[in-house]
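# no FASTA, just this:
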């Protein structure tokens, strides 16, 4: 029997080993890496590892939220026996057994299956984070919203999921310190100087964390910020490179790079809480309009959750808004219940602000929400062809024609008639600002990105890291192009594969190890028993020979 187990073990060993090596080194197999500086080939000084929408579920995803009794039929039978005795319980025993088979057992199976699924999902996500971080060496990490699976959970369940986020999925990581995430006057730091950024997680608030504009309140914001960090702030960096020179003045220049973390969940209206709506819009205006960096070398990376507006057909999710019904006295009355994109007006305001008044600042936008992911490019002309103002209307000269009444007195309101009537020139149409054109990024690279008269912003909606979407991770690099004197941004992605691969590999590992261990154990036991048997047979033969000698 041991030979059979060991033979199967040997058959499974090689394919299992190959699958395990793939799973734990998939970034190397797929050649996943951060894009390098295209001019020098050196690693970029800023390398951002981006994850989208992990959406950790919990007890609320269990049947009856995990609070139901698993086998009530057994309890009812025991209670009946204790109360009435075994003789009077036989009538209800058959009905309770049917309930046990048709209700209790299926419910228990669903409950334990979901618990196992939650346990495995946490470790699958943790495997992605740990493996891609080890093999790609990022300088910074961000999770782009929907850290948890529902904004409607109570504080206790929120705390349990937050604990799993930090201690299971992103083990060893910490949130951004409060002194770094101050709203104002955060001092810039040199890129690469503080190595602790590698273990910090920049967290963005999503709809499943704090809700949409129609149901956000102070309590949700407070518990999110306590567990994960601020919802609106900016992190400024500067490039520690003394070789950069301002082409205008000839003096040394220090390129700046800022990370803008923006709560986009309540930028649109109607909202349930106007003060929180004002906080997000003030942060947008302050960072993109009121406190514009004067240094032309400044670059911006905007990290938010809801994607910008796009026409239907460009990404998986098209434009969509849904609203709570109008109910007098309701907190949610008329507010935004769900949205796929920001409105076109808010999107335009973001784009106009991020490229700066001169429309030449280099920027990139990363967000989540659309689990399938999307890569687009927003563009428009740098100098807009504004039509001239309308010509003034022709001045018409009038003459007074006094109307004499019958009594000879002049009318107090004389009729005015034009002396000369000239045709008015046609008025130009009213000025309509140019709209941003939106294309898929690969298409834009072939056309509009090559036009020097156009400015543009790349927007990457990072595909979800959930198993259903392949365990995706985004790799964003930013570096200063010395020749063109501007920031360059490049993005790649890397996928581990669906969660079933993770499960299959580990189950195969356990089976292979189990077969080998069990076969070896049987061999040891069988070898010991065989040795004792051989010794007994040998002793018996020896005694038999001695008996024959005596007879002789």
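Received, thanks. Only a predicted model underlies this, so the values are computations on that prediction, with no experimental measurement involved. Residues are numbered from 1 along each chain as shown.
# For residue 261, the count of nearby residues, please.
Residue 261 is flanked by 25 other residues according to other Cβ atoms under 10 Å. Every C-beta, even on glycine, is put in place using the N, C-alpha and C of the backbone.
# now do residue 223
Count around residue 223 with other Cβ under 10 Å applied: 16.
# again, but for residue 240
By the criterion of other Cβ under 10 Å, residue 240 has 12 neighbours.
# helix/strand/coil for it?
coil (DSSP: H, G, I helix; E, B strand; the rest coil).
# Low-confidence regions, the stretch 151-300 of the chain specifically.
183-185, 241-252, 294 (pLDDT under 70).
# same check, this time on the chain
Along the chain, segments meeting pLDDT under 70 span 65-72, 74-77, 79-94, 96, 183-185, 241-252, 294, 384-432, 527-552.
# Show me the helices in it, by range?
2-24, 26-29, 72-84, 90-99, 105-136, 155-164, 207-210, 218-228, 274-285, 344-354, 441-446, 499-551 (DSSP state H).
# So which of those helices is the most surrounded?
Highest mean neighbour count among those (mean count of other Cβ atoms under 10 Å): helix 207-210, with a mean of 25.
# Which elements pack onto that helix?
With contacts taken as 3 or more Cβ pairs under 8 Å, 6 or more residues apart in numbering; DSSP states H and E, helix 207-210 sits against helix 218-228.
# Contacts for the helix it packs on, please.
Helix 218-228 is contacted by residues 147, 151, 155, 158-159, 162, 165, 175, 203, 205, 209-211, 231, 273, 276 when judged by Cβ atoms under 8 Å, 6 or more residues apart in numbering.
# Could you do stretch 498-517 as well?
5-6, 8-9, 12-13, 15-16, 19-20, 22-23, 120-121, 123-124, 127, 467-468, 470-471, 496.
# if you set the cut-off to 10 Å instead, what comes out?
Stretch 498-517 is contacted by residues 4-24, 26, 116-117, 120-121, 123-125, 127-128, 466-471, 496-497 when judged by Cβ atoms under 10 Å, 6 or more residues apart in numbering.
# got it, and stretch 329-340?
For stretch 329-340, contacts defined as Cβ under 10 Å, 6+ apart pick out 207, 211-217, 264-273, 306-307, 309-310, 312, 315-327, 343, 369-370.
# list the buried ones in that stretch?
Neighbour counts using 16 or more other Cβ atoms under 10 Å place 332, 334-337, 339-340 of stretch 329-340 among the buried residues.
# Repeat that for stretch 355-375.
Buried residues in stretch 355-375, defined by neighbour count with 16+ other Cβ under 10 Å: 355-356, 359, 361-371, 373-375.
# Among those, which ones are in strands?
Among those, DSSP state E puts 363-367, 374-375 in strands.
# Please name the nearest non-neighbouring residue to residue 157.
Excluding the flanking residues, the one nearest residue 157 by Cβ to Cβ, 6 or more residues apart in numbering is residue 58, at 5.5 Å.
# That neighbour - how many residues pack around it?
By the criterion of other Cβ under 10 Å, residue 58 has 18 neighbours.
# contacting residues around it?
65-66, 118, 148-150, 153, 157-158, 160-161, 164.
# ok, now how distant is the residue nearest to residue 327 when sequence neighbours are not counted from residue 325?
With Cβ to Cβ, 6+ apart as the criterion, residue 327 has its nearest non-adjacent residue at 4.8 Å, and that residue is residue 333. From residue 333 over to residue 325 the distance is 7 Å, taken as Cβ to Cβ, to the nearest Å.
# Repeat that for residue 521.
Residue 521 sits 67 Å away from residue 325, going by Cβ to Cβ.
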